[in-house]
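1. Below is the sequence, then the predicted model.
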Amino acid sequence: MAPFPVYTRQRMTSPAPEALTRSTERRPGENQGRAVFVIGAGRSGTSTLARALGALGVDLGNHFKRATRKNPTGFFEDADLLAISKAVRNRIGVRADSVRLIEAEELRGPSMRDLQQRALEVISKRFGSSPIWGFKYGRTLRILPFWEPVLEELNVEPSFVIALRNPLSVARSRAKLDPRRGLQAASDLEWLISIVPYLRRTRPYRLAVVDYDDLMDDPVPHLTRLAGMLDLPRSSADHRQIQEYADRFLDPGLRHTRFSDADLDASQELNPIVRSAYRLLRQRSSLAPGASDEEFWQQWSEIERDLQDLAPILELIDLRETERRRAVTSMKGPLQALALLKPWWKNR
């Protein structure tokens, strides 16, 4: 697998003109505004951050995925764009808990054009008149090469916001929903592949990092800073909306764990790559609007190389999990598992 590519500050190249068909009456090249993508590992506060963008005036639409026990306050992610994202993932055989690295070529070409066309239609219909709209899907970085030609075709400039949370808290929160995925080692791998691959592709655009604990502790200044990082337009209603979000939406009771930097060092189970990546992003979360991020990207290259070295192991983990699920769900039941045990038995 090739190393993560380095991109200059230029727009990504779009597909051939015939690849996508514009679904609106806007003239080609006419600017349709900006989009803010909320990204991050599961259980990191992506929904909380998405709702915060709404308080900052970003149009999230009104066709949301319904709230569930998993997230009783709501997900704040467009149901149609979410369905498209999951369809992209399913088309290349990637489960929600898959950890293998995805090649950009898998997300391009004729096999994706119907989904890209559908994305064009949804965005044009729902957000065509919005100067700044937003979409939350934590795993967007996993499939970012899919979205690039869509945004290019619509002439939409993307911005990105990472919802960052201590990986120890992420694992504890995930374990309440799925003990298997909540194991620290498993959660850490999902944390890595949700954030590291393709993050460098966001470099030509606005990128902000918001720490979940910081947002819960002191929301008003952190949302004000976020608005500056994203260069969002200000209005007289901004402060009232932010204060209402802080007073009425944020519930401290929803945060059940809080870990310190010392806890990261003390943990014997935490993946060291995750520890380094989290700390680097934590530093980035305090970056002032307009400040240089050159040092961040230089250090981030080490994280990219470390994850790339894990690629064969991640591929093997996905393969073994696929085999396990096939054995569990097969109508042959336990007999299916015997085929998996046969090589071990012969070589014991």
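-> Perfect, thanks for sending it. Residues are numbered from 1 along each chain as shown.
2. The longest strand seen in the chain: which residues count as buried?
-> Ranked by number of residues, the top strand in the chain under DSSP state E is strand 157-164. By 16 or more other C-beta atoms under 10 Å, the buried positions in strand 157-164 come out as 157-164. Quick note: C-beta positions are derived from backbone N, CA and C, even for glycine.
3. now stretch 135-153
-> For stretch 135-153, by 16+ other C-beta under 10 Å, it's 135-153.
4. and it, how far apart are its ends?
-> 17 Å (C-alpha to C-alpha, to the nearest Å).
5. so what's the residue nearest to residue 89 when sequence neighbours are not counted up against?
-> Computed as C-beta to C-beta, 6 or more residues apart in numbering, the closest residue to residue 89 that is not its neighbour in sequence is residue 143, at 6.4 Å. Residue 143 makes contact with 85, 88-89, 102, 107, according to C-beta atoms under 8 Å, 6 or more residues apart in numbering.
6. Which of those sits closest to residue 199?
-> Using C-beta to C-beta, residue 102 is the member of these that lies nearest residue 199, at 13.4 Å.
7. list the buried ones in the helix or strand where residue 175 lies?
-> Using DSSP states H and E, residue 175 falls within helix 167-177. Buried residues in helix 167-177, counted by 16+ other C-beta under 10 Å: 167-175.
8. What is the subsequent helix or strand relative to that helix?
-> By DSSP H and E, the next helix or strand past helix 167-177 is helix 184-195.
9. Strand 157-164 and that next one, what's the angle between them?
-> 160 degrees (axes from the mean of the first three to the mean of the last three C-alpha atoms, to 10 degrees).
10. Please shift the residue numbers so they start at 2 in all later answers.
-> Will do, 2 is the new start, and the previous item becomes helix 185-196.
11. following helix 185-196, which helix or strand comes up?
-> Next element after helix 185-196 (DSSP H and E): strand 207-212.
12. Can you spell out which helices and strands pack onto that next one?
-> Strand 207-212 makes packing contacts with strand 158-165, helix 220-230, helix 273-285 when contacts are defined by 3 or more C-beta pairs under 8 Å, 6 or more residues apart in numbering; DSSP states H and E.
13. now the second one against strand 207-212, angle please.
-> When you say that, I think you mean helix 220-230. 160 degrees.
14. Residue 211 and residue 162: what is the separation?
-> 6 Å (C-beta to C-beta, to the nearest Å).
15. Next up, the contacts around the closest residue to residue 160 other than its chain neighbours.
-> Of all residues not flanking residue 160 in the chain, residue 207 sits nearest, at 4.0 Å (C-beta to C-beta, 6+ apart). Residue 207 makes contact with 160-161, 230-232 under the criterion C-beta under 8 Å, 6+ apart.
16. redo that, cut-off 7 Å
-> Applying C-beta atoms under 7 Å, 6 or more residues apart in numbering to residue 207 gives the contacts 160, 230-232.
17. so where's the stretch 52-201 of the chain uncertain?
-> Judged by pLDDT under 70, the stretch 52-201 of the chain has its weakly predicted residues at 68, 70, 72-75.
18. could you pull out the strands for it?
-> 133-137, 158-165 (DSSP state E, counting those that start in this stretch).
19. The shortest one to strand 158-165, inter-axis angle?
-> If you take the same axes, to 10 degrees, strand 133-137 sits at 40 degrees to strand 158-165.
20. to the chain's geometric centre, what's the distance from strand 133-137?
-> 13 Å (C-alpha atoms, centre = their mean, to the nearest Å).
21. One more: the longest one?
-> Relative to the mean C-alpha coordinate of its chain, strand 158-165 is positioned 9 Å out (C-alpha atoms, centre = their mean).
22. got it, and stretch 62-71?
-> Counting by C-alpha atoms, centre = their mean, stretch 62-71 comes out at 17 Å from the chain centroid.
23. how about TSV for the strands of the stretch 52-201 of the chain, with distance to residue 59 added?
-> Conversion of the strands of the stretch 52-201 of the chain to TSV gives the following (distance: least, C-beta to C-beta, whole Å):
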stretch	distance to residue 59
strand 133-137	4
strand 158-165	9
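24. In this protein, mark out all the helices, start to finish.
-> 47-56, 80-92, 114-128, 145-155, 168-178, 185-196, 213-218, 220-230, 239-245, 262-267, 273-285, 295-310, 312-330, 335-347 (DSSP state H).
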